[in-house]
Structure formats: structure tokens, C-alpha cells
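Visitor: test case, fold it:
(one chain, ligands or ions: 1)
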Amino acid sequence: MATAVQQSRPPPLTATSDPPPIFDGTTRLYISYLCPFAQRAWIARNYKGLQDKIELVPIDLQNRPDWYKEKVYPENKVPSLEHNGKVLGESLDLITYIDANFEGPSLVPTDLPKKEFAEQLISHLDTFIKQLYTSLKEDPIQGASIAFDYFENALGKFDDGPFFLGQFSWVDIAYVPFVERFHLVFSDLFKHDITEGRPKLAVWIEEVNKIDAYTQTRLDPKELVDIYKKRFLPQQ
Ligand SMILES: N[C@@H](CCC(=O)N[C@@H](CS)C(=O)NCC(=O)O)C(=O)O
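Guide: Numbering: from 1, shown residues only. Have a look, this model is predicted:
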């Protein structure tokens, strides 16, 4: 696996941090390093090579500054994007917004069959995520099997590359934070390898891990597993 040098991560802003000079014309992406939704927008920003055009502002959600809700984003969630005097939210909207409003390689296909398949996969996201989180409380292997069989099958649709639409796109970005988490969590907590019997998923994971725009956003595996252990297996 290609391992790029980890870019330095600014420390998260907390309840005692001053706000940045909001609406001074700087474009800012507010994230939390732990949030899978924020990770999507962060990957899109990196993939398009916008590191110098979109400033990353990490927030400590457990110790959130009041000014974030009051001055930046009344929804009080991450991610949000401050751009041209406005603040926008919702991770999937932010990926397509960043794609449409900034330079860099395109993330949304124009080819009709791919566009349509992308919509189908994006509308399946809520189901996919729910299946995985529910499985942790019920039957992990069964839940993983339903969620990742769909994934494996979807990867067979286009054969001009290892990703959902052949080439890397916003669909891969939308799914990858959850695959990262559940690949590790199933392996560590339940000794279950989600790639077993799913060769396309195995290649997808391998290929996505060659993309710096993504690897720069990955969580520390130990921290990730600890968070899930505490949340889902409190007795251990
Ligand atoms: N639908 C939103 C979900 C964002 C979201 O739930 N973010 C969480 C962190 S992972 C958050 O900010 N939670 C803070 C809160 O709910 O108070 C998106 O896709 O951007």
C-alpha cells in the first residue's frame, strides 16, 4: 500500500478557542476528525487538490465552541462549508457542491448510465449504514453479510476500473468512511473479515487505500476500534 507522509493536522478547536475570522473571504471546511460524514467532504477537498483553497477547521464536538452554532452553522453539525459569504451543510451536498464550484478532477460522472447508477447507490446509503450499525447490536456477521453482499454485487456493474462507477467518484467517497470503520470493527471485535468471499470488495479496499486524498483522512485504527468498543460493547 502506498503510504504518503501524513499531512499535519491542525488541533481541533474547543469551547475556549477563538473563532476564525468568519466571512473574511476565506473558504473553510469545518469538520471533526472522528466524523464519517465530515470525512466525505474532506476527501473531496483533498482529491480535487484544494488543500490551499479550502482551509480545514477541525472542531472538538465533545467540547464544542458556542460560536460554531451561533455564528457558523446553526445546525451545529459537521461538516459545513463557509464559501462566498454563506455556510452550507450536509456531506453529500458538499461533495457535489465542491465538485461543481471548484477546479480539479471531476467526481460526478456525466455519462448517463453511470449517473443513474450513482443515484441508485447514493439512495442506498442510509439502508447500508443502518444495516451495519444495527448489526452491531444484533447479529454482526449476518448484518455484514447483507450489507457487503450488496456492495460486492454493485462493484460488478462497470468493469472499466475497480470502483463503483469504474473510476473513483463521489459514490466511493460517500461509502468509504463506513467501510473503513466496519472493516476494522468486524475484524477486531468479531474476528470477521468482510472481504472473505468478496473479491471485488477486497480490491476496492486495496485501491481506495492507494488514494492519498483518502488515506490522509483515515482515523488511527486503535482509536477507531476503542470508540466502537465503548459504544457497542460496553461490557468488554
Ligand atoms: N446528515 C449529516 C450528518 C452530519 C452529522 O450527523 N454529523 C455529526 C458528527 S458525525 C454531528 O455533527 N453531530 C453533532 C450533533 O449532532 O450535535 C451529513 O451527512 O452531513
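Visitor: get me the contact residues on the protein for the ligand.
Guide: Those residues of the chain that sit near the ligand, judged by Cβ under 6 Å from any ligand atom, are Ser32, Cys35, Phe37, Leu61, Asn76, Lys77, Val78, Pro79, Gly89, Glu90, Ser91. In short, each C-beta sits where N, CA and C put it, glycine included.
Visitor: take those and keep only those in helices.
Guide: Here DSSP state H is the test, and these give Phe37, Ser91 as lying in helices.
Visitor: out of the residues of the chain next to the ligand, which are buried?
Guide: Ser32, Cys35, Phe37, Leu61, Lys77, Val78, Pro79, Gly89, Glu90, Ser91 (16 or more other Cβ atoms under 10 Å).
Visitor: how about the second one: what's its closest non-neighbour residue?
Guide: I take that to be Cys35. Val78 (5.3 Å; Cβ to Cβ, 6 or more residues apart in numbering).
Visitor: ok, the one you found touching Ile31?
Guide: Yes. If you go by Cβ atoms under 8 Å, Val78 and Ile31 touch, sitting 5.2 Å apart.
Visitor: any common contacting residues for the two?
Guide: Ala38, Ile59 (Cβ atoms under 8 Å, 6 or more residues apart in numbering).
Visitor: so which residues of this protein form strands?
Guide: 27-31, 54-58, 80-83, 86-89 (DSSP state E).
Visitor: now the last one: average pLDDT?
Guide: The average pLDDT within strand 86-89 is 98.
Visitor: partner strands of it, parallel or antiparallel?
Guide: Applying DSSP bridges, strand 86-89 is found paired with strand 80-83 (antiparallel).
Visitor: who touches the strand it pairs with?
Guide: For strand 80-83, using Cβ under 8 Å, 6+ apart, the contacting residues are 22-23, 26-30, 41, 54, 72-73, 87-89, 94, 97-98, 101.
Visitor: done for today, thanks.
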